[in-house]
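K.L.:
Got a sequence here, can you build the structure:
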Amino acid sequence: MKTKVSIGMVGCGNWGKNILRDLVSLHCAVTVVVRSTESIKRAQDFGAAKIVATIKELGLQDGYVVAAPSAVHDEVINELINLFPGKPIFTEKPLTTDLKSAIEIVKKSPDAVFVMDKWRYHAGILELAKIAKNKILGKVIGLKTTRVGWGNPHKDSDAIWHLLPHDISIEFEIFGKLLKPTQAVADLENGYPTGMIAFLGGTPWQIAEVSARYKDKKRQMILFCKNGIVVLDDAYIDHIRIITADKKNHKPHEKKIPIDNKLPLHEELDAFIRYIKKIGPPPKSSAKEGMEIVKVISELRSMAGI
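P.N.:
Residues are numbered from 1 along each chain as shown. This is a model prediction of the structure:
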């Protein structure tokens, strides 16, 4: 019988329960740090091998996963680094919500900390990246991302910190680099940030819209190329759409390309476990890359007057 990979996990909220579920499905023995009655029940229901009240009680594990609120990422990651130096740490995005603390984590542990940028594992985004890299529709012009809906369930951080890291990581996966912020405007509700429209780059460019004040939920990515556009209409859709102009009448011609329906959360956790087992490369987003995303968002927030 194969020995299970041991994982110490900090937090088990509404998203954390999905992380726990997938870790268990990947044959991991997961010890979870939780304190509230609700979180303890979630950890029990979704297969925790053991539940403890403090990070210190996790003990030495093969690796660690941070699913705590964004506002305490720096505190949790630093405690894990101090207690278990050199052990792999996979944290939910963003790395932190403060550039100074993100820089300090990179200085302290550049090779052991990774960020869970799940969209970098999404089959649709990988297809857009392939089309861009191979110039299948000619030169890449830009990328428009829309991530909007109603309300922000994360009380520790505003909607911009919650939503925009996804779109900056998508940009990174498609273009292979981060674009320079050029302009940003924020939507403020009684002075509190609820959304942003951000402009980055030049050639190529990105326009990213995020908001917690849209009645209808929408997740859409459009890649603009010289000879057409490529559209991913939703996180859970089973295809992308390639739209080009008909050569005769210039009307739009649409072609649907099927994509894999593997859930990106499971894919990124599988990559982390394979890395721990020394049978795969490190997860895609290093601590340095996570810090660079925090830097981009910090610059956009400053441009928007936040």
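K.L.:
How about residues contacting whichever strand or helix holds Val32?
P.N.:
Element membership of Val32, judged by DSSP states H and E, is strand 28-33. When contacts are defined by Cβ atoms under 8 Å, 6 or more residues apart in numbering, strand 28-33 is touched by residues 4-12, 20, 23-24, 43, 47-55, 57-59, 61, 273. For every residue, glycine as well, the C-beta is placed using N, CA and C.
K.L.:
ok, the residue nearest to His239 when sequence neighbours are not counted - contacts?
P.N.:
Nearest residue to His239 in three dimensions, chain neighbours excluded: Lys256, at 4.5 Å (Cβ to Cβ, 6 or more residues apart in numbering). Lys256 makes contact with 239-242 under the criterion Cβ under 8 Å, 6+ apart.
K.L.:
for the record, mean pLDDT for stretch 31-38?
P.N.:
The predicted model gives stretch 31-38 an average pLDDT of 95.
K.L.:
Which positions in it come out as buried?
P.N.:
31-34 (16 or more other Cβ atoms under 10 Å).
K.L.:
Send over that stretch as CSV, restricted to the C-alpha atoms.
P.N.:
Below are the C-alpha coordinates for stretch 31-38, written out as CSV (Å, rounded to 0.1, in the frame of the first residue of the first chain):
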residue,chain,number,x,y,z
THR,A,31,-4.5,17.8,9.0
VAL,A,32,-6.6,21.0,9.1
VAL,A,33,-6.2,24.1,11.3
VAL,A,34,-9.7,25.4,12.1
ARG,A,35,-11.4,26.9,15.2
SER,A,36,-15.0,27.9,14.4
THR,A,37,-17.8,25.4,14.8
GLU,A,38,-18.7,25.8,11.1
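K.L.:
ok, and the closest non-adjacent residue to Lys251?
P.N.:
Ala245 (7.2 Å).
K.L.:
Which helix or which strand is home to Ile115?
P.N.:
Heads up, residue 115 is Val, not Ile. With DSSP H and E as the test, Val115 turns up in strand 113-116.
K.L.:
in the stretch 51-200 of the chain, which spans are helices?
P.N.:
73-83, 99-108, 123-133, 159-175 (DSSP state H, counting those that start in this stretch).
K.L.:
Next, give phi and psi for the residue most central in space within the chain.
P.N.:
Relative to the mean C-alpha position of the chain, the nearest C-alpha, by Cα atoms, centre = their mean, is the one of Asp117, at 2.7 Å. Main-chain torsions, Asp117, degrees, to the nearest 10: phi -90, psi 80.
K.L.:
same question, Ile136
P.N.:
phi -60, psi -30.
K.L.:
how close does it sit to Pro85?
P.N.:
Counting by Cβ to Cβ, to the nearest Å, the gap from Ile136 to Pro85 is 45 Å.
K.L.:
Of those two, which one has the most company?
P.N.:
Between Ile136 and Pro85, counting by other Cβ atoms under 10 Å, Ile136 is the more crowded of the two (15 against 10).
K.L.:
per-residue confidence for that one?
P.N.:
pLDDT, Ile136: 96.
K.L.:
residues in contact with Ile51?
P.N.:
Ile51 neighbours (Cβ under 8 Å, 6+ apart): 31-34, 40, 43-44.
K.L.:
Equivalent analysis for Thr182, please.
P.N.:
199-202.
K.L.:
where do the strands sit along the stretch 201-306 of the chain?
P.N.:
205-211, 213-225, 228-232, 239-245, 252-258, 285-286 (DSSP state E, counting those that start in this stretch).
K.L.:
Switch the ones you listed over to a markdown table; also include distance to Ile105 and mean pLDDT.
P.N.:
Shown next, in a markdown table, are those (distance: least, Cβ to Cβ, whole Å; pLDDT from 0 to 100):
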| stretch | distance to Ile105 | mean pLDDT |
| --- | --- | --- |
| strand 205-211 | 24 | 98 |
| strand 213-225 | 29 | 96 |
| strand 228-232 | 31 | 97 |
| strand 239-245 | 35 | 95 |
| strand 252-258 | 39 | 94 |
| strand 285-286 | 11 | 96 |
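K.L.:
For Pro110, find the nearest of those.
P.N.:
Shortest distance between Pro110 and the strands of the stretch 201-306 of the chain, using Cβ to Cβ, is found for strand 285-286: 7.5 Å.
K.L.:
helices and strands around the closest one, which ones?
P.N.:
strand 113-116 (3 or more Cβ pairs under 8 Å, 6 or more residues apart in numbering; DSSP states H and E).
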